[in-house]
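K.L.:
Sequence unavailable; structure follows:
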Ligand SMILES: C[S@@+](CC[C@H](N)C(=O)[O-])C[C@H]1O[C@@H](n2cnc3c(N)ncnc32)[C@H](O)[C@@H]1O
């Protein structure tokens, strides 16, 4: 079989990849633009579609630009560096419009761009193995060795080469599984996730990185501070926040602030914040309203941070519960005016959808980083109708985006 095929790109797929037709099948070719003629190598041959790797652009689009990152096209992180940013936003908005159309929403979508197309990301997870330190290749489990990542904030981007040399120079491939870097302001924590209890000497690396950085080592979810900076500190909506290396935090601070402001605008009365992470959003709401706020979060590290935030900021109207939303919401008999849900990518469980339908709250705010599971869940909670939809471009240059919908029970 000829593995090289030729096609014209006529549309975009779910992750922004170009879509064409050849041999009576649909084909998906990442990093291509509508109207382009391209050749691609078949990487997956299924009954109804081909998955392809771009080989050559035969007739290029006028929109095509030179990607700033040398790893673009190989590394699986970014999808849109070959296009101007406003084109990326148009594609994402169109893809979301199609998704929300599946649940009958035909209103406008408010698109909120990122201020920075590059250097915005405050967190990255590096993979270690096969003599490499880096990110995964597109559609592969293999590691693409990288020395920088242009969408990350400056301290993260600068540290990658030192960390990579440290792992390689000390032959730590079999001990370290991942490295998570997290930046807030002018501080950065480097968290080495290991596969056993090891005494690794990080002092040389700390010296190279300098006082803005701190190093942690984590084994079986327990993080140990090794040297340098211990916490990251930030002020969010007038709240003092301290972040440890483990807990969840939205990756684009600027877009996150805009999103939290919008959430605050829709909140009325007693509020239940499900999947509340490190409690920043709960804290902002508790500070902004004269009513009770309850946050529910399953992660221990996140819950501890939420408790610390509550104490430090004297938020006496905030209750943080450490538990599984499925169970906690089911057993909680309180009446709320507003419910917020911000689940992980796999969305809400069927139990959680039932829970929402059984609650009397008229107002629901659903925040999602996966429009497919969002749409599935909206189909399960039809008593709530979308009144307003937003696309927050939290993950510029990648195929992902954050969605927020405000719903009301009729
Ligand atoms: C997308 S994050 C949202 C965090 C928060 N809303 C924010 O803006 O930072 C999802 C959070 O849900 C938590 N989580 C996942 N499954 C959960 C469950 N079944 N019950 C409660 N929390 C859960 C995760 O630990 C994570 O902190």
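P.N.:
Nice, thanks for sending it over. All figures in this text were calculated on a predicted structure; none of them were measured in a lab. Numbering: from 1, shown residues only.
K.L.:
excluding its backbone neighbours, what's nearest the closest residue to the ligand within the chain?
P.N.:
Of the residues in the chain, the one nearest the ligand is residue 277, at a distance of 2.7 Å by Cβ to the nearest ligand atom. For every residue, glycine as well, the C-beta is placed using N, CA and C. Leaving aside its chain neighbours, residue 277 sits nearest to residue 248 (4.5 Å; criterion: Cβ to Cβ, 6 or more residues apart in numbering).
K.L.:
pLDDT value on the one you found, please?
P.N.:
Confidence at residue 248, expressed as pLDDT, is 77.
K.L.:
For it, grab the count of nearby residues.
P.N.:
Applying other Cβ atoms under 10 Å, we find 18 other residues in the vicinity of residue 248.
K.L.:
same check, this time on residue 12
P.N.:
Burial measure for residue 12: 22 neighbouring residues, criterion other Cβ under 10 Å.
K.L.:
Just to check, it is in contact with residue 91?
P.N.:
Yes. The pair residue 12 / residue 91 is scored as a contact, 5.3 Å apart, by Cβ atoms under 8 Å.
K.L.:
Kindly report the residues of the chain close to the ligand.
P.N.:
248-250, 275-277, 280-281, 296-299, 302, 324-326, 342-344 (Cβ under 6 Å from any ligand atom).
K.L.:
Please list only the buried members of those residues.
P.N.:
Buried subset of the residues of the chain next to the ligand (neighbour count, 16 or more other Cβ atoms under 10 Å): 248-250, 275-277, 280-281, 296-299, 302, 325-326, 342-343.
K.L.:
if you look at these, which of them are in helices?
P.N.:
Helix and strand membership here follows DSSP state H; of these, those in helices are 280, 281, 302, 325, 326.
K.L.:
and the residues you listed as TSV, adding distance to residue 81?
P.N.:
TSV is the format used below for those (distance: Cβ to Cβ, whole Å):
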residue	distance to residue 81
280	30
281	30
302	32
325	36
326	39
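K.L.:
Flag the least confident of the residues you listed.
P.N.:
In terms of pLDDT, the lowest of these is residue 302, showing 91.
K.L.:
mind listing what the nearest residue to residue 243 once chain neighbours are set aside touches?
P.N.:
Of all residues beyond its chain neighbours, the one nearest residue 243 is residue 232 (4.4 Å), with distances taken as Cβ to Cβ, 6+ apart. The contact partners of residue 232, by Cβ atoms under 8 Å, 6 or more residues apart in numbering, come to 182, 183, 184, 185, 187, 188, 189, 242, 243.
K.L.:
Would you mind checking those for buried ones?
P.N.:
Burial of the contacts of residue 232 was assessed by neighbour count (16+ other Cβ under 10 Å); the buried members are 182, 183, 184, 187, 188, 189, 243.
K.L.:
Looking at the residues you listed, which gets the smallest pLDDT?
P.N.:
Scanning the buried ones among the contacts of residue 232 for pLDDT, the low point is residue 243. It has 86.
K.L.:
ok, that residue touching residue 185?
P.N.:
No. Here residue 243 does not reach residue 185: they are 10.4 Å apart, not a contact under Cβ under 8 Å.
K.L.:
shared neighbours, these two?
P.N.:
Common neighbours of residue 243 and residue 185 (criterion: Cβ under 8 Å, 6+ apart): 232, 233, 234.
K.L.:
doesn't residue 250 make contact with the last one?
P.N.:
In this case it means residue 234. No. Residue 234 is beyond contact range of residue 250, at 11.8 Å (criterion: Cβ under 8 Å).
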